[in-house]
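Colleague: Quick one, what's the 3D model for this:
(2 chains)
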Amino acid sequence: AQTVTQSQPEMSVQEAETVTLSCTYDTSESNYYLFWYKQPPSRQMILVIRQEAYKQQNATENRFSVNFQKAAKSFSLKISDSQLGDTAMYFCAPGGFNTDKLIFGTGTRLQVFP
Amino acid sequence: DTGVSQDPRHKITKRGQNVTFRCDPISEHNRLYWYRQTLGQGPEFLTYFQNEAQLEKSRLLSDRFSAERPKGSFSTLEIQRTEQGDSAMYLCASSLTGGEAQHFGDGTRLSIL
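Modeller: Sure, this is the predicted structure:
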C-alpha cells in the first residue's frame, strides 16, 4: 500500500522568508501524480501545485515550487517570500497509483509571523 | 466555474439516525470523489465516480455507507445507523478527468450526539 510521510508537524517562518516543507512517499508505481494542497483554518482545501512523475522538470507556481526527487520518492514544497495568507495546513497528496484517489499525508501546520 | 458545492455545511444528529449529504461538482467535471477528514488528520479516501459509475470504494466504506451519482451530475452520500466514530468532516471533490487536480468543496461537518 502507498504511504505518505510528512515529518514536520509544525513549522513557522517570518514574513518574506523562505520555507521548505518535506514529503516522502512509498510506491512501486512508475507513473503517478503528486499534489500539494493547503487548508487554511476552517476553510476549504485549495490546490497549491501539481507535478507529474514522468516529468523531470520541477513544477513552479508563482512563489511556490517543488523539489521532486523520483528515485528518493521525495516531493518537497518551497514557499518563497512567505505571506501572512500562507498560514495554513499543508498536505502532500500523491495519486494515480492505478487509481485516481489521492493519498494524503498527516499535514504540516505552517504559521507565518509578521 | 461556481466551484464544488456541498450541503448541508453542518449536520448534528443522534446516534442511530440516518443522514444524507449532497455534493454538486463543477459542471463539466466527470470525476467525483468523497473523502473523510477527522480532526488533525489528512483526508481519507472513501469512494469515487466516473460519471454515474462508482469505480472504487475504500474498505473504510462499511455497509452502512452508500454513495450514488445518478445521471452523472450531483452525488449523495448516505450513512445509515450513525455511530460516534462517524463524526468527521466529509469532503467532496471533482476533477475534469483522471490525474487532473481535484477541486474540493467546503465539506459537511457531521457531529453525532
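
Colleague: check which helix or strand covers residue 48.
Modeller: Just going to use chain A. In this structure, residue A:48 sits in strand A:46-52 according to DSSP states H and E.

Colleague: let's do chain B instead
Modeller: strand B:44-50.

Colleague: Secondary structure class of residue B:85, three-state.
Modeller: Judged by DSSP: H, G, I helix; E, B strand; the rest coil, the three-state class of residue B:85 is helix.

Colleague: Give me the neighbour count for it.
Modeller: By other Cβ atoms under 10 Å in any protein chain shown, 8 other residues sit near residue B:85. To be clear about C-beta, it is placed using only N, CA and C from the backbone, and glycine gets the same treatment.

Colleague: just residue B:15 next, same as before
Modeller: Neighbourhood size, residue B:15 [other Cβ under 10 Å]: 12.

Colleague: Would you confirm that it contacts residue B:110?
Modeller: No - under the criterion of Cβ atoms under 8 Å, residue B:15 makes no contact with residue B:110, lying 11.6 Å away.

Colleague: is the helix or strand of chain B with the lowest mean pLDDT anywhere near chain A?
Modeller: Lowest by mean pLDDT, DSSP states H and E among the helices and strands of chain B is strand B:53-57, with a mean of 93. Yes - judged by Cβ under 8 Å from any Cβ of the partner chain, strand B:53-57 and chain A are in contact via B:55, B:56.

Colleague: contacting residues around that strand?
Modeller: Residues from elsewhere that reach strand B:53-57 (Cβ atoms under 8 Å, 6 or more residues apart in numbering or on different chains): A:99, A:100, A:101, B:46, B:47, B:48, B:49, B:67, B:68, B:69.

Colleague: mind checking how far the fourth one is from residue A:14?
Modeller: When you say that, I think you mean residue B:46. In this view, residue B:46 and residue A:14 are 39 Å apart by Cβ to Cβ, to the nearest Å.

Colleague: Equivalent analysis for the first one, please.
Modeller: As judged by Cβ to Cβ, residue A:99 and residue A:14 stand 40 Å apart.

Colleague: Of those two, which one has the most company?
Modeller: When residue A:99 and residue A:14 are compared for neighbours, residue A:99 comes out ahead with 16 against 10, by other Cβ under 10 Å.
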